[in-house]
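Novice: any chance you could fold what I've pasted below:
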Amino acid sequence: MSPFQYRDSELCCEEVSLRALAAVVGTPAYVYSKASLLESLAGYGRAFHDVPHVVCYSVKANSNLGVLSVLAKAGAGADIVSGGELYRALRAGVPPKKIIFSGVGKSRDEMREALKADILMFNVESRAELRVLDEVALEMGIRAPVALRVNPDVDPQTHPYIATGLKTSKFGIPYHEAFEAYEEAATLKGLEVIGADMHIGSQLTKATPVADAVARVVALVKALRERRIEIRMIDIGGGLGIRYRDEKPPTHQEFATLLLPALREAGVTVLLEPGRSIVGNAGVLLTRVLYRKDTGAKKFVVVDGAMNDLIRPSLYGSYHEIVPVDQTRCARDLETVDVVGPICESGDFLAKDRELAQVEPEDLLAVMSAGAYGFVMASNYNTRPRAVEVLVDGNRYTIVRRRETYEDLVAGETAP
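Specialist: Numbering: from 1, shown residues only. From the prediction side, this is the model:
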């Protein structure tokens, strides 16, 4: 059940009225449900309970310290892709031995920071990276635990911008080169080969492509063991989709049921990197109507949230449901409108040609399913302060990131 429900005609996050919240924290505002975060995380634990596993939350989906600390306290690890995300994960209390470092462009400094922290594993994405990591580890007098990210060339059937498992992708080592890459890794004195990794994409609404990719990786692991390269962990990535509109992604249990037979046979610890499926539907972007505009050719609802706050509709053409916070507005006639923000770009929109109940200036709208790839992709374009972030727990809430001030926006800048 969604944590966002109408109570006494007001949309609430758990037990907190979004209207009352907006009166205190202002808009635009990101609002997250703690209960939803914990339930989504627990779903993976239940589904994979009968195999050794670690759920390493994908920090890039939503890196707020409040969100990270809630998940860390509940036992989650972290999948990171930068030194900054390493810093956030450690700051939030994620144990280093539950941190996986992914990404195609790790710098030497980032490698050193992760080695000093003694993380669980590096997901290495090229043979060139293998050699650099080996050099860095030898300089430090330690061995780096590694998995090779294998690109299984499986079509994830998702948006091309978030498909990562095809042979044309920048991610991973091509499947046909993986065996030789593992043999090279096994000869490097600064590396300890412990795992195999894959990740085919994001917003996956079918589990079959993941199962196909897992089967290819398990077959590789068996071949490696014949060469005495012992793989103890398989990282199956993340990417399980959520419902934005009418999608029907598999449940945690359906997902696990399809993957577990091959993983059990491999006899490994299973690592998972879910992000969107944990935090996506746990958050909304709360925004206020500023103006109505009718050009004769098109109707616009101008709101104070913009593409700098939530870029997904402009970047991906993504759909986010938009609902009035005041339920009585839902009884009004529907009209077809573009919901747009104040940014000086024609591409600044949250919805185009959307049927929406008629709203007026000062009405509040909730942009649903905005917990993932929302604030983390926000910018200060047009010198706009980024939104406040709020975490709700039952009938209480905490401001987990204050709204930026104009002074924040120029901090660090100097006029010559």
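Novice: contacts for the helix or strand containing residue 31 next, please.
Specialist: Following DSSP states H and E, one finds residue 31 within strand 29-33. Contacts to strand 29-33, defined as CB atoms under 8 Å, 6 or more residues apart in numbering, come from residues 3-4, 13-14, 18, 21-22, 62, 64, 66-67, 279, 282-286, 370-371, 374-375, 387-392, 397, 400, 403. (C-beta placed from N, C-alpha, C; glycine too.)
Novice: list the neighbouring strands of the helix or strand of the chain with the lowest mean pLDDT plus their orientation.
Specialist: Every helix and strand of the chain was ranked by mean pLDDT, DSSP states H and E. The lowest is strand 173-174, at a mean of 88. Next to strand 173-174 in the sheet, as set by DSSP bridges, lie strand 144-151 (parallel).
Novice: now the strand it pairs with, how far from the centre of its chain.
Specialist: The chain centroid and the centroid of strand 144-151 are separated by 21 Å under CA atoms, centre = their mean, to the nearest Å.
Novice: which residues in the stretch 101-250 of the chain form helices?
Specialist: Secondary structure of the stretch 101-250 of the chain (DSSP state H, counting those that start in this stretch): helices at 108-117, 127-140, 175-187, 208-226.
Novice: list the helices and strands the second one packs on?
Specialist: In other words, helix 127-140. Secondary-structure packing of helix 127-140 (3 or more CB pairs under 8 Å, 6 or more residues apart in numbering; DSSP states H and E): helix 108-117, strand 121-124, strand 144-151, helix 175-187, strand 191-197.
Novice: so which of the ones you listed is nearest residue 256?
Specialist: Closest to residue 256 of the helices and strands packed on helix 127-140 is strand 191-197 (CB to CB; 18.4 Å).
Novice: each with direction, which strands does that closest one pair with?
Specialist: As assigned by DSSP bridges, strand 191-197 forms pairs with strand 144-151 (parallel), strand 233-235 (parallel).
Novice: now the nearest residue to residue 306 once chain neighbours are set aside: phi and psi?
Specialist: Distances taken as CB to CB, 6 or more residues apart in numbering place residue 341 nearest to residue 306, at 2.7 Å, with adjacent residues excluded. Torsion angles at residue 341 (phi, psi; degrees, to the nearest 10) stand at phi -110, psi -180.
Novice: before we move on, back to that, nearest to residue 88, out of the strands paired with strand 191-197?
Specialist: Closest to residue 88 of these, according to CB to CB: strand 233-235, at 20.2 Å.
Novice: show the contacting residues for the residue lying closest to residue 144 once chain neighbours are set aside.
Specialist: Residue nearest to residue 144 in three dimensions, not counting chain neighbours: residue 137, with 4.2 Å by CB to CB, 6+ apart. Residues near residue 137 by CB under 8 Å, 6+ apart: 111, 115, 143-144, 190-191.
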